[in-house]
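>>> Need coordinates for the below:
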Amino acid sequence: MKKNELKIYLNCILLAFFSKKLINYIIKIYFLHYVGPRLSEPPVVLLIYVIWNIH
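This next block holds a predicted model:
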C-alpha cells in the first residue's frame with residue numbers, strides 16, 4: 001500500500017467516525033427538543049435511555 005492510499009484510508013475512517021458522532025449528537029438534540037415536553041411519561045424516558053446507550 002502506498003503512502004497516499006494509506007492517508008486516504010485513514011481520512012475515510014476519521015470522516016466516518018466523526019460523521020457518526022455528529023449524527024448521534026443531532027439525534028440526541030432532536031430527542032431532547034421534541035420529546036422533552038413529554039419526559040414525564042415513563043415509556044418515553046425508557047426509549048430515550050435505550051437509544052442514548054445504543055450509540
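>>> hey, let's count contacts and neighbours off CA atoms from now on
Noted.
>>> Closest to the centroid, which residue in this protein?
residue 24 (1.4 Å; C-alpha atoms, centre = their mean).
>>> While we're on that one, how confident is the model there?
We have a pLDDT of 83 for residue 24.
>>> so is it in a helix, a strand, or just coil?
Three-state assignment for residue 24 (DSSP: H, G, I helix; E, B strand; the rest coil): helix.
>>> Quick one: mean pLDDT for the helix or strand encompassing residue 49?
Element membership of residue 49 [criterion: DSSP states H and E] is helix 42-54. Here helix 42-54 scores 74 as its mean pLDDT.
>>> Could I get the buried residue list for that helix?
residue 48 (16 or more other C-alpha atoms under 10 Å).
>>> Pull the distance from it to the chain's centre.
Its chain's average C-alpha position is 14 Å from that of helix 42-54, according to C-alpha atoms, centre = their mean, to the nearest Å.
>>> Could you tell me how far residue 43 is located from residue 49?
10 Å (C-alpha to C-alpha, to the nearest Å).
>>> coming back round to it: ok, now how distant is the residue nearest to the centre of the chain from residue 52?
9 Å.
>>> quick one: buried residues of the strand or helix carrying residue 21?
According to DSSP H and E, residue 21 maps onto helix 3-35. Going by neighbour count (16+ other C-alpha under 10 Å), the buried part of helix 3-35 is residue 24.
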